[in-house]
Every structure is written in structure tokens, then in C-alpha cells.
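Peer 1: Any chance you could fold what I've pasted below:
(4 chains)
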Protein chains: 2
Amino acid sequence: MFRKILAAEDIDSIHAAVISQLDQLTHAEIHQAKYCDEAYLKVKKALLDGEPYDLLITDLSFKQDHRDTVLESGEDLIKSVKETQPEIKVIAYSIEDRSYKIKALFEECGINGYVSKGREGSKELEKAVIALAGDTENYVPAPLSNIFQANNIIEIEEYDLKLIKYLSIGLTQDEIGAKFKKQGNVPSSNSSIEKRINKLKLYFKAKNTIHLISNAKDLGLI
Amino acid sequence: MFRKILAAEDIDSIHAAVISQLDQLTHAEIHQAKYCDEAYLKVKKALLDGEPYDLLITDLSFKQDHRDTVLESGEDLIKSVKETQPEIKVIAYSIEDRSYKIKALFEECGINGYVSKGREGSKELEKAVIALAGDTENYVPAPLSNIFQANNIIEIEEYDLKLIKYLSIGLTQDEIGAKFKKQGNVPSSNSSIEKRINKLKLYFKAKNTIHLISNAKDLGLI
DNA sequence: CATTTCCTTACGGTTTTCCGTAAAGCTGTT
DNA sequence: AACAGCTTTACGGAAAACCGTAAGGAAATG
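Peer 2: As a prediction, this is how the structure comes out:
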């Protein structure tokens, strides 16, 4: 079983529930964080002190408040943590239930378990913790186990999502190209971006970019 | 203080936290519901039995699952409950933090208190419960108290709504003009439509039309 | 190593949007 | 009738998006 657990979550109600639950389930030392940055610093410090966490349970979305923050989302946090301490186990605990998003979490952020907040969230969380405490490498809840079957659903990648997001916040294709270049993200040429948007328009049966973004919003992609 | 409280919420973690909190705070009989329909039935039954609830605390969004449901959202639930038992106090407890949405909850659903889930959600909830238990009619958390000041009301007419809707389904400004002409809707010239879109962009602080539609969707206008 | 294939980039021409200015029309006042 | 104030319409140039075609490059195949 785990010895030292960090729970990152900004909604205090959930926080309280998760902690009391972990307390009953394990004998671990349980710490908490209400901000991504805070969580990251704790992970880092624990590692330096030679007493690293062996499990991180984190939400994905954190509200912004007055504080200046470096890490803005659970995804950012997970990536940073996994860079610092690759062997740590991470469970994402979020309201998110879109399978392609969850798939991306496993593939791009390297999470080891996903639990969807909901009517049976606590039970699922418990199962995930127990599974990962054993020798299970990745825990995917049963109803989602199909997400890794090859070509199942949409083939929208991180890149497309980013593109759509940038469009939706009012950036021009030029600006998006510049942004991608800065991020070292390819393809980044105006031409490619244009082409990609075109593909997306075909895919989503949109007449123009406005329509595309409108559809993407309806589908909950952004 | 309240004697009988119903808490409706689908995320079990939050549920547990809210209930244990209410338990400590009040001597009330506390019931729970994980579905809108379930909550509504409980309110109705309690009323018929002559032992009505005097406080309902509810989330706004409930996940869909296998069940067939009549009421699909917290708003629906609140409206139905207030019709059935107008004097019941209702606190909405949600992640929502857009002030115009919250304002609408007070004005259209008749809620008596709003608490935003977040880092201090529990404390706020406690304050709201205490305030409403006294003779306070409506409890609005301090950071939102400005939402009822007149001048931030949105002045969007039917015409603008139609315009935004047409844009969102991919029509060009030309096409929209033609459509308006056919409907005998003025103004219908390209120039006027252009100008109107411009005003809307200013109003919604949008950089371009894509951004405008994106914002309009976020605001729930369409 | 040559060839094929796929992806990225470049470019030119057309359409649509964007933006400012100005004319035309309508209304109410003096 | 003259005038001011407002809305609608018209128009022209700049910017951005749209669309097709083609060149350049990298990886894969034989």
C-alpha cells in the first residue's frame, strides 16, 4: 500500500471527502494542496528530502483566483510532476467523461489511473488506489476500458484541439502560426494551419471557420 | 435554524462532505438525493406528509446516466420545487461563477442563496445556511454582491440573437442579409449587418467574429 | 540508391470580412 | 421649410480567410 499520498484539489468539499476516505482506506501519510503550484512544490520538496510521495491524486481544473500561478491546470501539474519524479503514480480525479480526453491523459500526461467524479466516484477512487497499490501499472475504470481499442472514435489529436482552442479565443491563422512556432509545434506554417482547419471543417461538416468553432463547442471539444 | 434539509448532488465526494458539514452545523434532519427527479419526489412527498423540507441545497449540473429522467438540471429542479412549495428556501451550490448566470438563478429560479464551489466553498455554504436560517431573505456572497447593480444588464435584442445564431450555423454576411430581406427584417443591408456584428464584438470584447460566436456560446446565448 | 508516399511549406488568385467614410432616408423640433 | 440627430445603406481599400496547385523534405519501400 502507499506510504505517502498527495491530494490536489481546489474544491474544499471534495477535498475533505477524499482525505477522510484515504485516511480510512490506507495508513498513508496524506498531504493536501489547493493549488497546482503548491502541489508541485510539495512533490519536489518531498523528493529532495528523500521522502517522496508515491501517489498523487489530482483534479484537472483549478479555479483561478488572486494568486499568480505558473501551472494552471491539472495536466500541467501532472506533466511537471512526472518529469521531476517519473516513478510516482498519478490518479486524475475529474468530472471529465469524454473518452478521447481521458485517453490523452494516459498517453500524453502518463497518468496511471483515471476516476470520473460522479455518483460512484468515491468507490471508483478506492478501487483505483487499491489497484495501483498492487502491481497494476495502469487502472482504467471498466466503462472506459474500450478507449484504447485502436481506431474507435474520433481522431482528433492534441494539435487539433489546440488549434480549435486558439481559433475560439480570436487568434488569426497568422497568430496561431507564430504561436506554434514559438512552442516548437509543427506544423506551424500558415499553409499547413489553413489545411488543417480545412480538414476539420470537412470532418465536422462546417461551412466556414465560425461554423467549425460553433460545432466544436456544441460537441464539448472546448 | 432549519429542521429538515434536503441535499441534492450527484458527485458523491461532495455529497459526503456537505452532509457531514450540515450535521455538525445544525440539528436538522438531513436527507439526500443523487438525481433531480429523486429530489423533487422527496420534496413533494414530504409536503404531502405534512413534514415539508425547509431548505434545499442543490447542485446545478447532474450527470446523465442510464436512468430516464424528467428533470435534467438543477435549474429545472429548483423551478419545479418552487412551484410545488414556494416558501422553501433554496441554495444553489455549484462551480458556476459567471455573474449573469447567477443573477438569472436569483431572478428566474427564485433561489435564496448562491454558493460557488471552490477553495472556500464549505465556509461560504455555512454562512449561507446560517444567514437564511435567520430572517435574511436572500444570501448573495460578498464578491458577487454587485451583480444586481443595474448597468451591467445585457441589452441584446431578438435581432442580435438571430444574427448570432445565423453566424453560428455558418452563414456568410451576404447570406444573412438575404435571409433578413426575405423575412422583411430590417436592417438587412450588408453594411448594417457588418456594423451590428461590430457592435456585438465590442460589447463582448471579441477580437473577431469567431471569437464573438465562441463567447456567445460560452455565455449560453445560443 | 532510386522511387514512392506522405507531410509540410510556398504562392497566387478569389472571396469574404474588416474598417472608415460618406451619402441617403426617416423623425421630431422649431 | 430648415435643421439636427439618428439609423440605414453604399462604397472602396486593406486584411484575413479560402482554395487549388506545386515545390521541398523526410521517411519508408523495394
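
Peer 1: For the residue nearest the centre of chain A, what is the enclosing helix or strand?
Peer 2: Most central in chain A under CA atoms, centre = their mean is residue A:75, positioned 3.8 Å from the mean C-alpha point. Assigned by DSSP states H and E, residue A:75 falls within helix A:74-84.

Peer 1: Show me which positions of that helix end up buried.
Peer 2: A:74, A:75, A:76, A:77, A:78, A:80, A:81, A:82 (16 or more other CB atoms under 10 Å in any protein chain shown). Yep, even glycine has a C-beta here, placed from its N, CA and C like the rest.

Peer 1: what's downstream of the helix or strand of chain A with the lowest mean pLDDT, the next helix or strand?
Peer 2: For chain A, counting by mean pLDDT, DSSP states H and E, helix A:99-104 ranks last in confidence among helices and strands (a mean of 75). Scanning forward in sequence from helix A:99-104 by DSSP H and E, the next helix or strand is strand A:113-116.

Peer 1: Contacts for that next one, please.
Peer 2: A:89-97, A:102, A:105-106, A:121, A:124-125, A:128-129, A:131-132, A:138-141, A:144 (CB atoms under 8 Å, 6 or more residues apart in numbering or on different chains).

Peer 1: Can you say which of those residues are buried?
Peer 2: The neighbour count (16+ other CB under 10 Å) marks A:89-97, A:102, A:105-106, A:121, A:124-125, A:128-129, A:131-132, A:139-141 as buried among those.

Peer 1: got the domain boundaries for chain A?
Peer 2: As given by automatic domain parsing, the domain ranges for chain A are A:4-148, A:158-218.

Peer 1: Output the ones you listed in JSON lines, with distance to residue B:41 appended to each entry.
Peer 2: Putting the domains of chain A into JSON lines (distance: least, CB to CB, whole Å) gives the following:
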{"stretch": "domain A:4-148", "distance to residue B:41": "17"}
{"stretch": "domain A:158-218", "distance to residue B:41": "32"}
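
Peer 1: Can you say which of these is packed in most?
Peer 2: For the domains of chain A, average neighbour numbers computed from mean count of other CB atoms under 10 Å in any protein chain shown are highest in domain A:4-148, which has a mean of 18.

Peer 1: now what about the strand or helix carrying residue A:130, what contacts it?
Peer 2: Using DSSP H and E, the element containing residue A:130 is helix A:121-133. Applying CB under 8 Å, 6+ apart, the contact partners of helix A:121-133 are A:1-2, A:17-18, A:21-22, A:25-26, A:55, A:57, A:89, A:91, A:93, A:112-116, A:139, A:141, B:11-13, B:16.

Peer 1: after that helix comes which helix or strand?
Peer 2: For helix A:121-133, the succeeding helix or strand toward the C-terminus, using DSSP H and E, is helix A:158-168.

Peer 1: Might you enumerate the residues of chain A proximal to DNA strand C?
Peer 2: By CB under 7 Å from any atom of the strand, the residues of chain A that approach DNA strand C are A:186, A:187, A:188, A:189, A:190, A:191, A:192, A:194, A:195, A:208.

Peer 1: who's in contact with the fourth one?
Peer 2: With contact taken as CB under 8 Å, 6+ apart, residue A:189 is in contact with residue A:177.
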